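1. next comes the sequence, and after it the predicted model I'd like to discuss.
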Amino acid sequence: MFYLSHFFQIVKRFPVRFTVFIVLTMGLFFSASHRDFIKNTVGADKMTQGFHPYFHALISTRQNISWISRKLRELPGVERVEVLSKEKLNTQVQSLLSGMDGEIAQAVGEMELAGVKVVTRSELEERSITLIKEYLTRLSGTDTTVGATVFPPKKKAVTGFVWQAWISEIIVASIFFMWAASVMSFISPVRKSSYLVEQFQRRRGVAMKTWSAAATIAIVFGAASAFAVKKPDIVPMVICFAVAMFSTFFYARRTSWEG
């Protein structure tokens, strides 16, 4: 209690330094033990970018393509309907005919066709897409040729600046350097005050013991802040505890009035 009381006597002369020291200790414990939370909150956004399933269909030009496209767009599972250009149409015709029986392929090849690309929502399953295909066939007639559904793979996309991927490490490092500066700011007043105590009360190691009491207080506040949001990561928290206690070695050398 003596060393704690001694530290508070110093704090009365430097209240701002003490406040900054406690706040930075709390920030250090919190940021180090909740790096994932910080990264998810202010870091680069990682999202799954899903490409929408789609299929092509060849429809006789005798049908009203605009009306069919509009009716398809009205379906809740359809993202968009594209009428293919002549170049794309030729590609799709060749692709679809390659998998058909010879006579059927010849009959289809002689027809005047228009091509559409039906893009569905990413969450739709094959069964729902099959219903859309059946609806298309009812709208356009049995002469319609519908291709297989294409399910492009999903991939991860990262949005934001490159430095945002390291945001939690940047914050922890920044707070640590400010915290270290805060610790250093107390060296001179603590050592000067401890020198007087050692001279008149015949005590030894007063500066180191006084700062040990101060570090203990800071650790209590830091641990409390780490548990404020959710359960912290224990390993970074233990490292912060060790760093805070290691700071007492700055006060280990013999004291003097010069600090």
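-> That came through fine. Numbers count the residues shown, from 1 in each chain.

2. from memory Arg73 sits against Trp67, does it?
-> No. Applying CB atoms under 8 Å, one finds Arg73 not in contact with Trp67, separated by 10.9 Å. Quick note: C-beta positions are derived from backbone N, CA and C, even for glycine.

3. which pLDDT value goes with Val119?
-> Val119 carries a pLDDT score of 92 in this model.

4. again but with Thr130, I slipped
-> 92.

5. what about it, distance to Tyr54?
-> Distance of Thr130 to Tyr54, given as CB to CB, to the nearest Å: 14 Å.

6. neighbour-wise, which of the two wins?
-> Tyr54 (19 against 13; other CB atoms under 10 Å).

7. check the more buried one and give its pLDDT.
-> On the pLDDT scale, Tyr54 gets 90.

8. go on, Pro76?
-> So Pro76 comes in at 88 (pLDDT).

9. in a strand, it, correct?
-> No. Pro76 is assigned coil when assessed by DSSP: H, G, I helix; E, B strand; the rest coil, not a strand.

10. roughly how far apart are Phe2 and Lys209?
-> Relative to Lys209, and taking CB to CB, Phe2 is found at 9 Å.

11. hmm, I typed the wrong one, I wanted Ile10.
-> 13 Å.

12. what ranges does this structure have for its strands?
-> For the chain, the strands defined by DSSP state E occupy 45-49, 54-60, 78-83, 113-120, 145-146, 155-159.

13. surely Met237 and Ala223 touch.
-> Yes. Applying CB under 8 Å, one finds Met237 in contact with Ala223, separated by 7.1 Å.

14. run through who's touching the longest helix along the chain.
-> The single longest helix within the chain, with elements called by DSSP state H, is helix 206-226. With contact meaning CB atoms under 8 Å, 6 or more residues apart in numbering, helix 206-226 is reached by 3-4, 6-7, 10, 21-22, 25-30, 33-34, 186, 190-191, 193-195, 197-198, 232, 237, 240-241, 244-245, 247-252, 255.

15. how far is it from where the chain is centred?
-> With CA atoms, centre = their mean, to the nearest Å as the basis, helix 206-226 stands 33 Å off its chain's centre.

16. so what's the residue count around Gly147?
-> 18.

17. name the nearest residue to it, ignoring sequence neighbours.
-> In space, and not counting its chain neighbours, Gly147 is closest to His56: 4.3 Å by CB to CB, 6 or more residues apart in numbering.

18. isn't that neighbour up against Val116?
-> Yes. The pair His56 / Val116 is scored as a contact, 7.1 Å apart, by CB under 8 Å.

19. and for these two, which residues touch both?
-> Leu84.

20. just the pLDDT for the residue minimising distance to the centre of the chain.
-> Nearest residue to the geometric centre of the chain (CA atoms, centre = their mean): Asn40, 3.3 Å. Listed pLDDT for Asn40 reads 72.

21. many thanks, I have nothing further to ask.
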